[in-house]
Structures are given as C-alpha cells and as structure tokens.
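Novice: next come a sequence and a model predicted from it.
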Amino acid sequence: MSYVPIKGGKEAIKQAARMLEILRCSDEENLPLQTKTIKSQLGALHSVVLSEGGLYDEDLVSLAIKQSRGDSLEAAYYLRAYRSTRPRLGTTKVLETSSMRLIRRISSAFKDIPGGQMLGPTTDYIQRLFNFALHDETKQEFDDVVSSWVKQPDSSAAIPDSYPKVMDFLRDEGLLPPFQIRDNEVFDITREPLVHPLPRNAQLALMARADTGGLLALAYSNMRGYGDVHPTIAELRVGYLPVIAKHPVTGEDIEIGEVLITECEVVASHQIDPDSGQVYLSTGYGACFGHNETKAICMAILDRSLDNGRRHGVTHPSEDPEFLLNHIDSIDSMGFAIHYKMPHYVTFESDLDRARETQKQQEKS
Amino acid sequence: MRHSLTQQDHFGFIDEYAKREVRRATLKAICIPGYQVPYSSREMPMGRGFGTGGLQLTLSMIGPTDTLKVIDQGSDESVNAENIKGFVQQVCSGVHVTNKATEASIVQTRHRIPEAPMSEGQILVFQVPYPDSLVVVEASESKRRVMHSEADYAKLWVKLYEDIVRYGEITISHRYPTEIHGGYVIDPSPIPRYDTARLHQSPVIHLFGAGREKKIYAVPPYTDAKPLAFEDHAFRVESFLDQDGEQASCSVCGAKGVYFDEHYTDDGVVQYKCSDTDFCLQNLTNQKNGQ
C-alpha cells in the first residue's frame, strides 16, 4: 500500500493534532502554564515572538507561546496568521524615540553621556554559571527578590521622564547630516507588494520583524570580513515608547498606548555625502518590538551595510538588498524548509523518469 | 476573554481588503497571460510552502454557492488536501466540497491537473513554490524581471541545449518552462510534463498562486501553452513502461496512458497506480456497474 492512502488523511491529521495537545498537557505537576507567567518569567522568549510576529499584542504572544509549546517560529506564525484577518485601521504618527520611558540605555561611543549611562536589566555582565538553587526555588524566596527591592528607599525622583539622544549631539556638532521627518510616507510591508528596489523604511520594517537568527548570521558575516561595517554603538536604548495617533473624530494627536521597544543607533566610518559633498560619519539604525538587543544591533549593522552596497556597489551578501531581505523572514523560510516533509510523489516520479531516460542515453553513447 | 471574536467569524478568513487585492492581482494576471503580478500575500494559518498562495486565491473568490475540490499529488484525501479542505470549510460556511473534478467550480491543486476533462467556467488553482521559470538560470529577481520584460529567455534555451549535449536529454522533469501565447515563459508549478502539455488551449481558467514568493499569474482559457523544445528535439512527457517494456497500466483500475504513482511491492516489483485517486475510484465504480 502506498503511503498516501486513498482514505484516512483526515483522521490522521486529527490524531496528530491530538498527540501534540497530549504532549502539551503531559505535566508532572499537572499544572497548566499560565499565559501571564509566560510574559513575566519567559520575557526573553516573549520578546522574540513579539518582534518576529510583528503584532504588538502581549496577551496573544503569550497564548501563541503556550499553544506552540515554546516554539518561537511557530508562535510568531500564530500572530502573523491572526493579523491576516484584521483590516488596517490607520497609521500612527512618526514616533520620537527621545520620548521613550527607558529601562536601559548605554553608549559605547562616550564614557559620559548627557543623562548618564543606565545599565538596567542586562545579561551582558552576567557570569553564565548555574544557580542550582533555582531548581527548588520556594515561593518565599521568589517573592523576596522583588519585595526586598521595592522596600529600598525611593530614588525614582532622580529619574527624568525622557533622555536626550546621543546622536543628536553628534548631529548638532555637524558630524552627522541633518534629517527631516517625512510623515505619511510609510511603505506597509504587510499591504504592498515587495518589489525591489524597496525604500529604506520598507527595508527597516522587514528587518524589524525578521528572524533574529537570520539577521545575526548575515550581520556576523559582515562583521567578520564579508563586508566593512565597523560600528560604534552611539546609543542602545530599551524602554516604553508612547504611541501617538490621530483621534478619528477630533483629529487631535492622542496617546493610544505604549510599546516596549529596543532601539540601536550605530555610527561607522566617515564618508562623503553624495548629496551635499560634505564629510559625515555614516550611520545605521535598528529598532524592533520587545527587548531584543542582539536583533537591534544586527539590524543597525545591516542597515549600514545595505547603504554601503547602495553607495559603492554590492560586493558581499549583507550588502545586497534582494539577497538579505528575501531570506530573513522566519515565516517564509521556515515554512518552505518544512514543506519538504509533504508528499512529493508526483515530482519524484517525474525525476525518476528523467534519470532513467538519461541513463539510457548514456548507455547508448 | 478579551478576544471574544474568533478568527473563524469572518467569511473567507482574510479581511476584505486583502481579498480585493488578490482579486485585482488575479484580474491583471488573466489580462496579461503568464505575467507574474506581485502582491503583498498575507500569512495563512498553515506553513508557507503548504499552499498559502493557492489558498489566498481560493479564499478571495469562493462564495457560499461554490463547490470546491482540493487535491495534493492527485489525491483528495492526502493529509495536506484534507487540511486545506477542512480549513476552507471551517472559514467559509456553506461551501460544498466534492471529490469530482467535473462537479467543482474551483479545484485547488498541488502538483497535478485532474485526469477527468474539465470544462469552461471551471477554475483550477495551482499552488506554486517557484513562480519564475528563469530562477534556474538567474538567482536575482530584479534581473529576472528585466529578462522577462525583454523576452530574453536565451539563458534558458542554452540550458536546454547544454542538457541535450551533456546528457542526450533535457533533464527538467517537472516545472517545465512553458511559453504562454507567444509571450512570457512560465513555471507551470511542479506539475509533471504530462500535465504541462494539457494546459494548451484548455477551456479552464488556470490561476497560479505563490504565497511565499508573493506572485499571482494565470493561463486563461483557450490560450497557447507551449513547453520549450527544439525542432529536432521534441518535448517529451513521462513514459511508464512495465517489465516487458509495454505501456504500463494501473494495478487497481487497469487504466493506461495516465499519470502514475509507482511503488515497490513486498517482492520488490514495481507497480503503478493512478496518481489521480478519484479518477481511479471512478473507473472501479464504472467497472462494477458494468459500464
């Protein structure tokens, strides 16, 4: 019997889905995972899915992670598919990231920056040594971590609402070209066909929801020498950005909420600006939903490398917009990789026919 | 729950703006036979590569009075065909499904054209992994777009020629490059050469949807579809021969001259079965009824 049976496919996929659910619910403690816990205790995974799913809905991200048993690619897929069912209601204003409510902000360009460096929650200087006590962490110990911090004398009065951007100081000095905010010129990558050459804002949007691993691999290729971007991080900031949109009735700008984002701005070697003939430092920009520093840094480097390709011609994969931007979407790439598991009897039969015929021809000659 | 609306509430799953975009791209595709129309392509709740392009085409035009057939590898009940059919039924209430190609208003297919002759007014939706016939000779899509617009298929012709020189045969098995009405050369999706030949002057509307590559193209009814070939080296479809070198027949229904799946029996002997399972069952039923 061939293994596409004439009957039975329907029942097979039903049972396969059931097996997955059985695995999800086979828990030693018999405790269902709370979606709230996913956001709080698996924040890093939550941020990855938030960013790659490209839909800012923290609850749905948690649900996607729960339903997919922690598979970040699958989880992002739930959000993308859900998004396909929703019409676009409008666009926000261009958001000024200087207004972010920060939890972290660093610059590797200057020792001191106005407003100060703020290390915040980072794994950068964590020693990756096991804390075996976490195996049997009690509720009390768990609770003490936060409550002891809350009981500290309040120092929040010293924290301002917003911090100036490091790049602005460089711009004021004339080391960076001036820029204008061009509102209402957004290319919506979810609503418009992607035909190269794409405007830079579309390139950035594609990278913002790209697969973290994909961006990392391509940015790393550039860092190692398949490219020539030598970035200095002018500023990396993580925090909550107020989202401003026009009120549909009054037409006034109102804050409709805030999103957790990571933003990275890099400066690299100076170049002659082709428009003005002036010498400026070159720049790269990265930003994405969630707390995803690796991704934001890689995106900024790749923004820089794409610009290098544009200016000086493409000599490396990370400088080629078509190569880079068509291969970083996890939904596309993962979908195609796994589709090879589907039956290919018809095409393989056709392959066999050609292989046998070619063998015959070779024997003849 | 905050999200009281389920995704299944909206007929056809994708929002109406998305359907409209797909329909516009489809109309354009029919007007310019063989031209790949770029569209934004929504993510579907199944893997890219599992028929999301075909599915968007189907969802953009299906209505409650339509009858749908879905096949994968010629089979109505293979896992992916069942999955797509089940999904469409879930999000398009009232839509009828059938296994009979002649009864369906829309047939969504992966890798096959049904054996039963279809007629005017029917729509055949193909799932497409690679929408561009030139991808075998040129990796960059931007360059391929220029080549198509200049009808520059020289590299493809050279590839076919070199195949003959090196192997004595054109080695392209499926996805055989096919010239549409003297214009664009298309990738007809991974249908076998046997099916490629059947696109020519067919009364059916053939729509091709590549979800991942975000393209829609069409071969309208009664359009020339010419697989690329040389005057002295004809286009050849797959041949199925039994152990005696005779034309093979289906081990289930006895049909000859159709496209087969082949498999090894427990004794290691090659056997053939119709790839189109409904066609095969229909033959069996007819035989039982003594027709």
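Specialist: Noted; the coordinates are in hand. Residues are numbered from 1 along each chain as shown, chains lettered A, B, ... in the order given.

Novice: low pLDDT regions in the stretch 51-200 of chain A?
Specialist: A:155-158, A:183-184 (pLDDT under 70).

Novice: residues from it in reach of chain B?
Specialist: A:59-60, A:77-78, A:80-88, A:189-197 (C-beta under 8 Å from any C-beta of the partner chain). (Each C-beta comes from the backbone N, C-alpha and C, glycine too.)

Novice: filter the residues you listed to the buried ones?
Specialist: Taking 16 or more other C-beta atoms under 10 Å in any protein chain shown as the criterion, what is buried in these is A:60, A:77-78, A:80-86, A:189-190, A:194.

Novice: which non-adjacent residue is nearest residue A:320?
Specialist: residue A:314 (4.5 Å; C-beta to C-beta, 6 or more residues apart in numbering or on different chains).

Novice: now do the SS call for the one you found.
Specialist: coil (DSSP: H, G, I helix; E, B strand; the rest coil).

Novice: what about it, neighbour count?
Specialist: Per other C-beta atoms under 10 Å in any protein chain shown, the neighbour tally for residue A:314 reads 17.

Novice: please report how far it lies from chain B.
Specialist: Noted for residue A:314: a distance of 10 Å to chain B, by C-beta to the nearest C-beta, to the nearest Å.

Novice: nearest to residue A:70 among the buried ones among the residues of the stretch 51-200 of chain A next to chain B?
Specialist: residue A:78 (12.6 Å; C-beta to C-beta).

Novice: any idea how far that closest one lies from residue B:113?
Specialist: 34 Å (C-beta to C-beta, to the nearest Å).

Novice: now stretch B:94-103: how far from the chain's centre is it?
Specialist: 17 Å (C-alpha atoms, centre = their mean, to the nearest Å).

Novice: tell me which residues are up against it.
Specialist: For stretch B:94-103, contacts defined as C-beta atoms under 8 Å, 6 or more residues apart in numbering or on different chains pick out B:62-70, B:76, B:85, B:88-89, B:104, B:107, B:114-119, B:278-279, B:281-282.

Novice: give me that answer again for 7 Å
Specialist: For stretch B:94-103, the surrounding residues in contact (C-beta atoms under 7 Å, 6 or more residues apart in numbering or on different chains) are B:62, B:64, B:66-69, B:76, B:85, B:88-89, B:104, B:107, B:114, B:116, B:118, B:278.

Novice: which of those are buried?
Specialist: Looks like these have B:62, B:66-69, B:76, B:85, B:88, B:104, B:107, B:114, B:118, B:278 buried, using 16+ other C-beta under 10 Å.

Novice: tell me the one of those nearest residue A:208?
Specialist: residue B:88 (32.2 Å).

Novice: wait, isn't the closest one in contact with residue B:67?
Specialist: No: between residue B:88 and residue B:67 there is no contact under C-beta atoms under 7 Å: 11.3 Å.

Novice: near chain A at all, stretch B:132-144?
Specialist: Yes: counting by C-beta under 7 Å from any C-beta of the partner chain, chain A is contacted by stretch B:132-144 at B:140-142.

Novice: most neighbours among those residues, which one?
Specialist: That'd be residue B:141 among these, by other C-beta under 10 Å, with 20 neighbours.

Novice: which residue is the nearest non-sequential neighbour of the residue in the stretch 101-250 of chain B that chain A sits nearest to?
Specialist: Nearest residue of the stretch 101-250 of chain B to chain A: residue B:168, at 3.1 Å (C-beta to the nearest C-beta). In space, and not counting its chain neighbours, residue B:168 is closest to residue A:361: 3.1 Å by C-beta to C-beta, 6+ apart.

Novice: equivalent analysis for residue A:20, please.
Specialist: In space, residue A:20 is closest to residue A:69, 7.6 Å off (C-beta to C-beta, 6+ apart).

Novice: that older thread, tally of neighbours for the residue of the stretch 101-250 of chain B closest to chain A?
Specialist: Residue B:168: 17 neighbours (other C-beta under 10 Å).

Novice: surely it touches residue A:365?
Specialist: Yes: counting by C-beta under 7 Å, residue A:365 is a contact partner of residue B:168 at 6.4 Å.

Novice: show me what residue A:268 is bridged to.
Specialist: residue A:282 (DSSP bridges).

Novice: neighbours of it, just the number please.
Specialist: 20.

Novice: for it, list the residues it contacts.
Specialist: Counted by C-beta under 7 Å, 6+ apart, residue A:268 has contacts A:229-231, A:282, A:284, A:304.

Novice: which residue packs closest to residue 54, ignoring adjacent ones?
Specialist: Using chain A. In space, residue A:54 is closest to residue A:209, 3.6 Å off (C-beta to C-beta, 6+ apart).

Novice: chain B is the one I meant
Specialist: Using C-beta to C-beta, 6+ apart, the closest residue to residue B:54 is residue B:127 (3.8 Å).

Novice: what segments of chain B are strands?
Specialist: B:37-38, B:67-72, B:96-97, B:106-110, B:123-127, B:178-180, B:185-186, B:205-210, B:215-219, B:225-227, B:260-264, B:270-274 (DSSP state E).

Novice: now distance to residue A:245 too, for these, in CSV please.
Specialist: Listed next are the strands of chain B as CSV, based on distance: least, C-beta to C-beta, whole Å:
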stretch, distance to residue A:245
strand B:37-38, 29
strand B:67-72, 40
strand B:96-97, 43
strand B:106-110, 39
strand B:123-127, 38
strand B:178-180, 46
strand B:185-186, 43
strand B:205-210, 34
strand B:215-219, 33
strand B:225-227, 50
strand B:260-264, 56
strand B:270-274, 58
